[in-house]
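Enquirer: can't give you the sequence, but here's the structure:
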């Protein structure tokens, strides 16, 4: 499992939803998919996440849901 896939899986599963993990995932996604609008939207979501949410911020469960959709988007069709 590559670093991006591992970080994405750990965040979605709740194993590591720290701000450090969010920041790292943000960079990994930005570097791996600079031209993918869906991935770039997730980069913005990760930059906007906060453990309790707040005005103009997303809480972790919302970010996890959006990343789950991203994982589906990035997965090759079966």
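Expert: All right, it came through fine. These numbers were taken from a predicted model, which means no experiment stands behind them.

Enquirer: CA only for contacts and neighbour counts going forward, please
Expert: OK.

Enquirer: just the helices in the protein please.
Expert: Here the chain has its helices, by DSSP state H, at 3-12, 19-32, 37-47, 60-74.

Enquirer: quick one, what contacts the residue nearest the centre of the chain?
Expert: Nearest residue to the geometric centre of the chain (CA atoms, centre = their mean): residue 67, 4.6 Å. Going by CA atoms under 8 Å, 6 or more residues apart in numbering, residue 67 touches 8, 12, 42.

Enquirer: neighbour-wise, which of those residues leads?
Expert: Neighbour tally across the contacts of residue 67 (other CA atoms under 10 Å): the maximum, 25 neighbours, falls on residue 8.

Enquirer: just give the closest residue to that one, not the sequence neighbours.
Expert: In space, and not counting its chain neighbours, residue 8 is closest to residue 25: 6.9 Å by CA to CA, 6 or more residues apart in numbering.

Enquirer: repeat that for residue 22.
Expert: Nearest residue to residue 22, sequence neighbours excluded (CA to CA, 6+ apart): residue 46, at 5.7 Å.

Enquirer: ditto for residue 38
Expert: residue 70 (6.9 Å).

Enquirer: surely that neighbour meets residue 37?
Expert: No: if you go by CA atoms under 8 Å, residue 70 and residue 37 don't touch, sitting 10.5 Å apart.

Enquirer: what about the two, which has more around it?
Expert: Using other CA under 10 Å as the criterion, residue 70 and residue 37 rank with residue 70 on top: 17 against 10.

Enquirer: many thanks, have a good one.
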